[in-house]
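*Asks:* No letters, just coordinates:
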Ligand SMILES: [Mg+2]
């Protein structure tokens with residue numbers, strides 16, 4: 001089975017960095033926000049979107065990898081016989097391609113081959129179909145739900161912004177991307193046709 005990954009809050013702890021800045025700038029706890037889209041009094045959706053992207057851009061070097069994810073992706077890379085690992089992000093490509101690749105280079109170096117593709121969030125599912133991806137790892141519930149019908153399973157990493165919501169049967173909640181990869185490798189090792197729990 002083919003697996004692919006979102007980047008923000010699946011590989012990088014982006015919301016944690018954002019949260020530090022948002023607390024200082026607006027007094028808003030972005031990490032414990034009950035929705036994916038953060039709302040700030042007095043700002044429009046576009047203002048917030050631009051602010052979020054600017055913070056991630058300006059402080060990109062400070063974003064930490066999710067716990068143990070670098071080693072786990074390297075393990076997956078070996079497990080999948082050194083096929084490139086696929087990442088699909090809704091970050092705007094023109095602004096973020098270079099710094100995203102620099103981050104990956106810094107943490108992965110030449111230890112894995114990978115491909116990063118950029119698509120607006122509502123176009124991710126089309127790319128996932130084109131690439132024949134069977135399993136996707138995501139943190140945004142809206143995306144997970146739109147991708148779910150096109151794949152065998154979506155692993156949804158639990159965060160405050162996606163909790164307490166009903167999810168379709170093939171969205172599997174996990175506590176971390178590491179747990180998702182372990183479950184994926186477990187299913188592959190036992191040759192099951194689908195991920196079943
Ligand atoms: Mg994300």
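*Replies:* All right, it came through fine. A quick note: this is a predicted structure, and the numbers were derived from the prediction, not measured.

*Asks:* Residue 66: what's it in contact with?
*Replies:* Residue 66 sits next to 9, 10, 11, 12, 13, 176, 177, 178 when contact means C-beta atoms under 8 Å, 6 or more residues apart in numbering. In this view, the C-beta of every residue, glycine as well, is placed from N, C-alpha and C.

*Asks:* Quick check: the gap between it and residue 26.
*Replies:* To residue 26, residue 66 is 25 Å away according to C-beta to C-beta, to the nearest Å.

*Asks:* isn't residue 147 right up against residue 127?
*Replies:* No. Counting by C-beta atoms under 8 Å, residue 147 stays clear of residue 127, with 10.0 Å between them.

*Asks:* Could you tell me which of the contacts of residue 66 belong to helices?
*Replies:* 177, 178 (DSSP state H).

*Asks:* higher neighbour count, residue 147 and residue 127?
*Replies:* Remark: of residue 147 and residue 127, residue 147 carries more neighbours, 27 against 16, as counted by other C-beta atoms under 10 Å.

*Asks:* Looks to me like that one is in a helix.
*Replies:* Yes. Counting by DSSP: H, G, I helix; E, B strand; the rest coil, residue 147 is located in a helix.

*Asks:* out of the contacts of residue 66, which touch the ion?
*Replies:* With C-beta under 5 Å from the ion as the criterion, those include residue 9 near the ion.

*Asks:* Around the closest residue to residue 72 other than its chain neighbours, how many other residues sit close by?
*Replies:* Spatially, and ignoring its direct neighbours in sequence, residue 72 is nearest to residue 178 (4.7 Å; C-beta to C-beta, 6 or more residues apart in numbering). Per other C-beta under 10 Å, the neighbour tally for residue 178 reads 19.

*Asks:* Isn't residue 178 up against residue 73?
*Replies:* No. In this structure residue 178 lies outside contact range of residue 73 using C-beta under 8 Å: 9.2 Å.

*Asks:* tell me the contacts of the residue nearest to residue 72?
*Replies:* With C-beta under 8 Å, 6+ apart, residue 178 has these contacts: 66, 67, 68, 69, 72.

*Asks:* Out of those, list just those in helices.
*Replies:* Going by DSSP H, the helices hold 69, 72 from these.

*Asks:* Could you tell me which of the contacts of residue 178 count as buried?
*Replies:* 66, 69, 72 (16 or more other C-beta atoms under 10 Å).

*Asks:* you'd agree the second one is up against residue 9?
*Replies:* No. Counting by C-beta under 8 Å, residue 69 does not reach residue 9; the two are 10.9 Å apart.

*Asks:* Surely residue 180 is within a strand?
*Replies:* No. With three-state DSSP as the criterion, residue 180 is helix rather than part of a strand.

*Asks:* State the pLDDT value of it.
*Replies:* Per-residue confidence (pLDDT) for residue 180: 98.

*Asks:* residues touching it, list them.
*Replies:* Counted by C-beta under 8 Å, 6+ apart, residue 180 has contacts 137, 155, 157, 172, 174.
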